[in-house]
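[1] got a predicted structure plus its sequence, pasted below:
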Amino acid sequence: MSMNAENIDDYIAGLEEKLDKNDQCATSHYNLGVAYLSKRRFDDAKTSFLRAAERSPAMAEAYVQLGGLAMNEGDIEGCLRMNQAALKARARFAVPHANIGFCLLQMGQVEDAIKALRQAIKFDSKFVQAYGTLGSALYMAGEMDESMEMSKKAVELHPKFGPAWNNLALVYLEKGDAAQAMNCVKQAQASNYDVHPGLIAEIEAKLK
């Protein structure tokens, strides 16, 4: 859906009117939820996505959106549950696999996160965020070579993907190549990524 600020209110009003006449259209509820999100009407969006999922339990996207709303509230476990529900609706959908991996990583379940993220890139070989998160997970697991491989894949797909440049800086530092680590820090900063000052200080100390 491509909407701008001038017509979004009209679009919402039209969907609300349509649903007043036919409350059973899951797609309309979903589209209304997306429109509410654009207006930051999060409670209304949540209601719309829940109604979409109730009317069409196979609509995996509705569960993914509910997961995003849960994450926005700081509810990682809720986000995890919603994305697991999305997979029950559509097992080969890459996005919930990646989101599950992210949640598990935040919960410290690194090996399970890696498994989920591998599924995400299996089902979508161009999924930049999944490669980036997998790079982080592999770094945490001590798998430096594969972490580097995944992060490099992310920046090949999206040269301005700052988190992957940050991951590469960490890996190069771990491998003892402070010069390359600093190059990656500069790339991350050029991508508007906020690199931790402690990492920069550690690299600078190694370069002296």
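    Arrived safely, thanks for sending. Residues are numbered from 1 along each chain as shown.

[2] need the helix or strand of this protein with the lowest average pLDDT.
    helix 8-21 (a mean of 91; mean pLDDT, DSSP states H and E).

[3] that one packs against which elements?
    helix 26-38 (3 or more CB pairs under 8 Å, 6 or more residues apart in numbering; DSSP states H and E). C-beta coordinates here come from the backbone N, C-alpha and C atoms, glycine included.

[4] just checking, what packs against the helix it packs on?
    helix 8-21, helix 42-55, helix 60-72.

[5] now do the same contact list for the spatially closest residue to Gly33 that is not a sequence neighbour.
    Leaving aside its sequence neighbours, Gly33 sits nearest to Ser48 (CB to CB, 6 or more residues apart in numbering; 3.4 Å). Neighbour list for Ser48: 29-30, 32-33, 36 [criterion: CB atoms under 8 Å, 6 or more residues apart in numbering].

[6] hmm, back to that, using a markdown table, lay out the helices and strands packed on helix 26-38 together with distance to Val128.
    Listed next are the helices and strands packed on helix 26-38 as a markdown table, based on distance: least, CB to CB, whole Å:
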| stretch | distance to Val128 |
| --- | --- |
| helix 8-21 | 27 |
| helix 42-55 | 25 |
| helix 60-72 | 17 |
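
[7] please report which of the contacts of Ser48 has the highest neighbour count.
    Gly33 (27 neighbours; other CB atoms under 10 Å).

[8] shouldn't that one be in contact with Ala52?
    Yes: applying CB atoms under 8 Å as the test, Gly33 and Ala52 come out as touching, 6.5 Å apart.

[9] okay, and the common contacts of the two?
    Shared contacts of Gly33 and Ala52, counting by CB under 8 Å, 6+ apart, come down to Ala62.

[10] re the thing from before, right, so the helices and strands packed on helix 26-38: which one is the most enclosed?
    helix 60-72 (a mean of 22; mean count of other CB atoms under 10 Å).

[11] output the contacting helices and strands for that one.
    Counting contacts by 3+ CB pairs under 8 Å, 6+ apart, helix 60-72 is packed against helix 26-38, helix 42-55, helix 76-89, helix 94-106.

[12] next, give phi and psi for Met59.
    With angles defined as degrees, to the nearest 10, Met59 shows backbone torsions of phi -80, psi 90.

[13] hang on, isn't it packed against Cys25?
    No: if you go by CB under 8 Å, Met59 and Cys25 don't touch, sitting 11.3 Å apart.

[14] tell me the contacts of Pro163?
    132-133, 136, 154, 188, 193.

[15] can you give me the buried ones in the host helix or strand of it?
    Using DSSP states H and E, Pro163 sits in helix 162-174. Applying a neighbour-count criterion of 16 or more other CB atoms under 10 Å, one finds 162-173 buried in helix 162-174.

[16] check stretch 70-86 too.
    Buried-residue list, stretch 70-86, by 16+ other CB under 10 Å: 70-71, 76, 78-83, 85-86.

[17] understood, closing this out.
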